[in-house]
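*Asks:* Structure for this input, please:
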Amino acid sequence: MQNVGIADRIVRIILAVIFVILAIIHSAWWFIPAFLALLTGIIGWCGLYALVDINTCPVVHKSVRKAKKRKK
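*Replies:* Below you'll find the predicted structure:
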């Protein structure tokens with residue numbers, strides 16, 4: 001299930017490109033955040049967002065809607 005919205009995904013992919021450029025110019029360790037930003041931008045799921053219950057994706061799945069109704 002996705003928890004990263006379209007705008008957030010675009011920002012993450014742009015950041016990944018910037019991080020790759022930094023890795024080439026300065027230090028190879030910049031490839032680590034580049035990989036994470038690119039991965040989360042492509043798949044649309046962020047583990048940190050899931051941990052703190054953040055969802056920037058506008059689509060609410062039926063299972064999530066049902067679970068939230070049960071909590072109330």
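
*Asks:* Which parts of this protein are helices?
*Replies:* 6-25, 31-43, 47-51, 62-71 (DSSP state H).

*Asks:* List the buried residues for stretch 43-54?
*Replies:* Neighbour-count burial for stretch 43-54, counted by 16 or more other CB atoms under 10 Å, picks out G44, C46, Y49. To be clear about C-beta, it is placed using only N, CA and C from the backbone, and glycine gets the same treatment.

*Asks:* So which residues make contact with it?
*Replies:* M1, Q2, N3, V4, R9, T40, N55, T56, C57 (CB atoms under 8 Å, 6 or more residues apart in numbering).

*Asks:* tell me the pLDDT at the closest residue to L38 other than its chain neighbours?
*Replies:* Of all residues not flanking L38 in the chain, A16 sits nearest, at 3.8 Å (CB to CB, 6 or more residues apart in numbering). Listed pLDDT for A16 reads 97.

*Asks:* close enough to count as contact, A16 and I32?
*Replies:* No - under the criterion of CB atoms under 8 Å, A16 makes no contact with I32, lying 11.0 Å away.

*Asks:* More neighbours: which of these two?
*Replies:* Neighbour totals were compared for A16 and I32, and A16 leads with 21 against 11 (other CB atoms under 10 Å).

*Asks:* Adding pLDDT, write the buried residues of stretch 43-54 out as a markdown table.
*Replies:* Compiled in a markdown table, the buried residues of stretch 43-54 are given as follows (pLDDT from 0 to 100):
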| residue | pLDDT |
| --- | --- |
| G44 | 91 |
| C46 | 92 |
| Y49 | 91 |
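
*Asks:* Export these as a markdown table, with columns for distance to I21.
*Replies:* Shown next, in a markdown table, are these (distance: CB to CB, whole Å):
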| residue | distance to I21 |
| --- | --- |
| G44 | 24 |
| C46 | 22 |
| Y49 | 25 |
